[in-house]
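> here's my sequence, what's the structure:
(chains A and B)
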Amino acid sequence: MAESVTWKIGGEAGFGIISAGTILSRTFSRLGYYVFTTNEYPSLIRGGHNVVTTRISVKPFGSMNRDLHILIALNKETVDIHKEELKVGSIVVYDPKDYAWQTDELPAQTTLVAIPLSEIVSKFKGPAVMRNTVALGASVALLGASLDALSAVIQDQFKSKKKEIIEGNIAIARSGYEYISNSYPDLTSMYLCSSSNNGEHLIMNASEAIGLGAIKAGMKFVAIYPMTPINALITFLADHAQSYGIVYRQPEDEIAGINMAIGASVAGVRSMVATSGGGFALMVEGLALAGMTEVPIVIDMGMRVGPATGMPTYTEQGELQFIIHAGHGEFPRVVLAPGSAEEAYTMTIEAFHLADKYQIPVFLLTDKYLNESQWCVSATLVRKNVNIDRGKIVKAADLPDDDSFKRYRIEVDGVSPRSLPGMQNGIYYANGYEHNEYGHATDASAQRTAMVCKRLNKLKAMEFDIRPPAVFGDDEADITFVSWGSTKGAVIDALEILRNNGIRARLVHFTWVCPFASEATTKLLSGSGRIVDVEQNATGQLASLIREHTGIEIKEKILKFDGRPFLPEEIVERI
Amino acid sequence: MTNIDAYKTKYSSTWCPGCGNFGIWLSLKNALAHLGIPPWGVLVVYGVGCHGNMYDWMNAYGFVGLHGRTLPVAQGVKAANHKLPVIVITGDGDCLGEGGNHFIHAAKRNPDITVFIHDNQLYSLTTGQASPTAKAGFATKSTPQGVIDAPVNPLTLSLVAGATFVARGFSGDIPQLTKLMVEAIKHKGFSVLDILQPCVTFDKDHTYDWYRKRLYELSASGFTTNDKNAAMLKATEWGDKIPFGIFYEEDKPTPEDHEKALANMPLIDQPLTVSIDNLIKEFI
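Next comes the predicted model:
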């Protein structure tokens, strides 16, 4: 019986690989397991080599690892590419019609499972794409689960489709399932131990988690120009816009997107944009406008491999310093870097809260790995009520009737009362020029100085909101890792491998990267002995940030910038 | 009818004496007063250029944005609160140079926004370089040998891009300009009013007299405003005779009409807290 099984399905784009991963994840999540699914694919719609990996475990875990227990090959290429990853005891499921694999062509002690995928689909007169459904049925049998859970997920996934289609899918899945139980009844090596996880989980990517967080936070306007890796957020919000009173606009470019969001925010609603590095490069001008006009907005910045078009469908953490420093002039911002979809959900709600509280732009710094992997998110957490506080928006009735309202009144915390257009007695100018307390332009020395200080005072006011880095692992550690954002899971899993090898290690992980938690970081890292920076970029941008704010120089770095997320074993090998 | 002094602030204008912008500002105040739109009941989005400096002496909610980015801001405001009148004060360089892409796409969407283009063929705030509407041969600080590009025609561009109200006015004829502004604001949809204005400081060719000799009123010639092809043809007329007035009008739904989320009320009035029980089921 296995505690953790890693399953991989590969084939061309258009073979239904992504949905197979989602269905398998949800099936085993419903059965009480922890699941996690990642994908890897080139930037094209048909052809190429696509692969989805799902890990199913009775225990919580942070990332994929080097395991590969079941490989589902929807074409010959899948085995060609992935056979080196196969281990003793791995199972390869393939259709002999694609290629009649022989045991001597694969690593020793690999089990070959031949299933006539195409033939089964033809028997049911289904389209070729449904080979994935045969494979799903077979997979559930290989994992020792009942078909019912899979059928129920298929039923729910296809609920908008006709009854015949749903029944057809279930029948095809059953054929795959029965093929295994009839032809390979003794193949029980991948049967999963029963799971003790009783928590109900939602299986979603970080884009969907951000969308859900935004809906819960009362976000009403969103403008997003399509770009990998945040397209799932567009789909999610556009699909649900009508039900939740949201307007989604597809702007002509990212410049328009951020300016639309600023306009909607000035008019009085919570608004957001999402993009990747190249699109954000176009938004930079607008970011500075939000800074100067003190307009709350939330920016979901999903990093991918750069520079320029880079490798659009691969992951990287190359834009930490860019996002912290983007924009002409000096103004406050907050940059939050969630380390999982669950954190993406909670930090989205936090981002809208902070944007309103301080009237500033707030970033969610995510990446392709977060946005396109399927994570477990606690349903209990998502069901919890969210308190929405719009900050210092004035009530129309409270406005003075003698033209004395000052939208940019100098305040100790830098945050001034805000009226909304249409309120009598609340007239002001949201002004991209330097301005006085009413919003009229000024270039007077004293007023300029006072306004810069007012805006930057927000940084002092938010000191109590700054989340210090989280610490995982042994307090008495020989090695201290530092990481931020999505590398969290892989490093946490590496800690466990090290512990099993008798090495005590801990992780100091940053989800709040700007303003930087200088004092807390200094305390945590001073006298830490060996510190190792783990980042998905080529220059160690977090290490630079730590040095800038604490003076602590981290010389040892484990950096990766090939577009593929870290595996815990890689981290262990490189220390 | 509101008193037009209600739209004045205690700030004095910084435009050059005789600037065409005065006629546009006065006409705008006249039009708002005529329509009974109080200063607090309208948002004006200003671009950057001599035109944009208007906000300091214009008493109304104002958004003073970035050069070229007025229209996206205006559309965002409109999406959030479609009951609020939104007016864009922009220049030929702001709207058609830096903001050209936004202009085309705003016109195609047809939001209920009124756009007044201050068109003097120049970037005057940067001391007189040629703008996108500068006519061939026009000698400016950036084109000492005369402009070699063909000019952008704001009217034909508006028509092709899908604007549903297209007109031309002249800053030297305040009663006419007021009337055109009233019609432009009343029109539901994307209204473009290109306003010819002399730059008295950096352009000695296109003076008030130059325009007055050439301008003639479209409506007086029996022109009808419902024929796009005729409007296109008329909009290309430029030389000894220059037509002004309304070239084209069309009734067409706005994005806010199409938006199902806005069927009952503007976004700003919608409840913030929503139930997501059904949504959760999609992810289990």
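
> output stretch A:427-439 in CSV with nothing but the alpha carbons.
In CSV, the C-alpha atoms belonging to stretch A:427-439 read as follows (Å, rounded to 0.1, in the frame of the first residue of the first chain):
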residue,chain,number,x,y,z
ILE,A,427,-15.6,68.1,-5.1
TYR,A,428,-11.9,67.5,-5.5
TYR,A,429,-9.3,66.7,-8.2
ALA,A,430,-7.7,63.3,-8.4
ASN,A,431,-4.5,64.8,-9.7
GLY,A,432,-1.5,63.3,-11.4
TYR,A,433,0.3,66.5,-10.9
GLU,A,434,1.7,67.3,-7.4
HIS,A,435,-1.2,69.0,-5.6
ASN,A,436,-2.4,70.7,-2.5
GLU,A,437,-4.9,69.3,0.0
TYR,A,438,-7.8,70.1,-2.4
GLY,A,439,-6.1,68.4,-5.4
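
> buried residues, that stretch. List them.
A:427-433, A:435-439 (16 or more other Cβ atoms under 10 Å in any protein chain shown). For glycine as for every other residue, the C-beta is placed from the backbone atoms N, C-alpha and C.

> wait, what's in contact with A:S243?
B:N278 (Cβ atoms under 8 Å, 6 or more residues apart in numbering or on different chains).

> how far away from the center of its chain is the helix or strand harbouring it?
Using DSSP states H and E, A:S243 falls within helix A:231-244. In terms of Cα atoms, centre = their mean, to the nearest Å, the centre of helix A:231-244 is found 17 Å from the chain centre.

> list the buried residues of that helix.
A:231-234, A:236-238, A:240-241, A:244.

> quick one on the thing from earlier: show me which of the buried residues of stretch A:427-439 neighbour chain B.
A:427-433, A:439 (Cβ under 8 Å from any Cβ of the partner chain).

> mind giving me TSV with those residues and columns for secondary structure and pLDDT?
Shown next, in TSV, are these (DSSP: H, G, I helix; E, B strand; the rest coil; pLDDT from 0 to 100):
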residue	secondary structure	pLDDT
A:I427	coil	98
A:Y428	coil	98
A:Y429	strand	98
A:A430	strand	98
A:N431	strand	98
A:G432	coil	98
A:Y433	coil	98
A:G439	coil	98
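
> relative to B:E250, which of the residues you listed is nearest.
Nearest to B:E250 among those is A:A430, at 32.0 Å by Cβ to Cβ.

> what sits against the residue nearest to the closest one when sequence neighbours are not counted?
Nearest non-adjacent residue to A:A430, counting by Cβ to Cβ, 6 or more residues apart in numbering or on different chains: A:T293, 4.3 Å away. Neighbouring residues of A:T293 by Cβ under 8 Å, 6+ apart: A:262, A:266, A:430-432, B:63.

> A:T293 and A:I262: what is the separation?
Separation of A:T293 from A:I262 (Cβ to Cβ, to the nearest Å) stands at 7 Å.

> list residues touching both of those two?
Joint contacts of A:T293 and A:I262 (Cβ under 8 Å, 6+ apart) do not exist.

> residues from the stretch 1-150 of chain B in reach of chain A?
Contact residues, the stretch 1-150 of chain B versus chain A (Cβ under 8 Å from any Cβ): B:9, B:11, B:38-43, B:45, B:48, B:53, B:55-56, B:59-66, B:69, B:71-81, B:83-84, B:101-102, B:104-105.

> helix/strand/coil for the residue of chain B found nearest chain A?
Using Cβ to the nearest Cβ, B:G76 is the residue of chain B that sits closest to chain A, at 2.6 Å. Look at B:G76: counting by DSSP: H, G, I helix; E, B strand; the rest coil, its state is helix.

> was I right to think it contacts A:I262?
Yes - using Cβ atoms under 8 Å, B:G76 makes contact with A:I262 at a distance of 6.4 Å.

> find residues that contact each of those two.
A:S271.

> so who does A:N231 touch?
A:S207 are the contacts of A:N231 under Cβ under 8 Å, 6+ apart.

> quick one: pLDDT of it?
What the model reports for A:N231 is a pLDDT of 97.

> what do you get for the one 4 residues further on?
Confidence per residue is given as pLDDT, and for A:T235 that number is 97.

> so what's the residue count around residue 132?
Let's take chain A. 27 (other Cβ atoms under 10 Å in any protein chain shown).

> not what I meant, chain B
22.

> helix, strand or coil for B:F22?
Of the three states, B:F22 takes helix according to three-state DSSP.

> which non-adjacent residue is nearest it?
B:W15 (6.3 Å).

> find me the pLDDT at that neighbour, would you?
B:W15 carries a pLDDT score of 97 in this model.

> pipe the buried residues of helix A:231-244 into TSV and attach distance to A:I466 per row.
TSV is the format used below for the buried residues of helix A:231-244 (distance: Cβ to Cβ, whole Å):
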residue	distance to A:I466
A:N231	32
A:A232	30
A:L233	26
A:I234	31
A:F236	30
A:L237	29
A:A238	34
A:H240	32
A:A241	33
A:Y244	31
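
> which of the residues you listed lies closest to B:V115?
The shortest approach to B:V115 among those belongs to A:A241, at 26.6 Å (Cβ to Cβ).

> and A:T188, its phi and psi?
phi -120, psi 10 (degrees, to the nearest 10).

> wait, it sits on A:A141?
No - contact criterion Cβ under 8 Å: A:T188 and A:A141 do not qualify, at 10.1 Å.
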